[in-house]
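Asks: With the sequence up front, the predicted model follows.
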Amino acid sequence: MPFRHLFNKKPDREKTRINQEKSSNSDKIFLSLNLNENLQQIRQNVGNSPDVVIREFEIGSSQIQIAAVYTSGLADKNMVSDFVMRSLMIDTVDVTFQNGVSEENIFDFIKDNALTVGEVKVIKDWNGLILSVLSGDTLILMNGWSKAISCGTRGGEKRSVSEPTSQVVIRGPKDGFSESIGTNISLVRRRIKSPNLWLEPMKIGD
């Protein structure tokens, strides 16, 4: 009798797990097939912050619209330039068309072959996308695909920031700002990975 009772519990646990997965998926907001809509949504989510960089261009003989999105100061600029942008802008895509790779398969080709960074994954929901770009990854979005490629380009400005000599706190991080606004912004971004942290450039004085 006790054994039968234990076996009867397993389907209930499995059913609970399936229900939790369904509930998790239903809470997610997925990307649009339209590239312009996705880029506009990114700009709105981050409040048009100037450190979130969006570069748009076209690839292939069919001029497929594509965009790269990264956060300045959190992403390694050399990795973005050498391993992401250069990989996409060279004639690799034209060669793929000549070798029989269709436009329908170009997303998978770029994910598996064109990008030369070590860590590459696919993101389909907005929460994952925003967290990825605010963590220093570079996103590749293409018109006609409701998903993005996340490239591991984390690095950016990691200049050693010394502990402040005045107004020392006992608890919490002991970080001090420097004279570089880029370093200071990246320092705050690393502490607060939230799309609600908006930046607005402002000039004071002549």
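Replies: Good, I have the coordinates. Residues are numbered from 1 along each chain as shown.

Asks: Spatially nearest residue to Arg154, not counting backbone neighbours?
Replies: Taking CB to CB, 6 or more residues apart in numbering as the measure, Arg154 lies nearest to Gly136, with 3.5 Å between them; neighbours along the chain are not counted. The C-beta positions use only the backbone N, C-alpha and C, and glycine is treated the same way.

Asks: hang on, that neighbour packs against Lys77?
Replies: No - here Gly136 does not reach Lys77: they are 11.0 Å apart, not a contact under CB atoms under 8 Å.

Asks: Which one of the two is surrounded by more residues?
Replies: Set side by side, Gly136 and Lys77 show unequal neighbour counts under other CB atoms under 10 Å, the larger going to Gly136 at 23 against 15.

Asks: got a list of what the more buried one touches?
Replies: 70-71, 74-76, 153-156 (CB atoms under 8 Å, 6 or more residues apart in numbering).

Asks: Please tell me how far it sits from Gln65.
Replies: Gly136 is 25 Å from Gln65, where distance means CB to CB, to the nearest Å.

Asks: The residue lying closest to Glu119 once chain neighbours are set aside: neighbouring residues, count only.
Replies: The spatial neighbour of Glu119 that comes closest, neighbours along the chain excluded (CB to CB, 6+ apart), is Gly152 at 3.0 Å. The criterion is other CB under 10 Å. On that basis, Gly152 has 20 neighbouring residues.

Asks: Quick check: phi and psi at the residue nearest to Arg154.
Replies: In this entry, Gly136 is assigned phi and psi values of phi 110, psi 0 (degrees, to the nearest 10).

Asks: before we move on, what about Phe30?
Replies: phi -100, psi 160.

Asks: which residues pair with it across the strands?
Replies: Bridge pairing for Phe30 (DSSP bridges) gives the partners Asp125.

Asks: pLDDT score for the residue lying closest to Ile42 once chain neighbours are set aside?
Replies: The shortest distance from Ile42 to any residue other than its chain neighbours is 6.2 Å, reached at Val69 (CB to CB, 6+ apart). As predicted, Val69 sits at a pLDDT of 97.

Asks: tell me the contacts of Val69?
Replies: Listed by CB under 8 Å, 6+ apart, the contact set of Val69 reads 39, 42, 52-55, 133, 138-139, 141.

Asks: sec struct for it, please.
Replies: Classification of Val69 into helix, strand or coil gives strand, according to DSSP: H, G, I helix; E, B strand; the rest coil.

Asks: Could you report the separation of the residue nearest to Arg154 from Asn105?
Replies: In this structure, Gly136 and Asn105 are separated by 29 Å, where distance is defined by CB to CB.

Asks: distance of Asp76 from Leu35?
Replies: To Leu35, Asp76 is 25 Å away according to CB to CB.

Asks: now swap in Glu56 and tell me
Replies: With CB to CB as the criterion, Glu56 and Leu35 are 8 Å apart.

Asks: what's the answer for Arg189, then?
Replies: 25 Å.

Asks: okay, those two: which has more neighbours?
Replies: Set side by side, Arg189 and Leu35 show unequal neighbour counts under other CB under 10 Å, the larger going to Arg189 at 24 against 19.

Asks: What residues does the residue nearest to Glu119 make contact with?
Replies: With CB under 8 Å, 6+ apart, Gly152 has these contacts: 117-120, 137.
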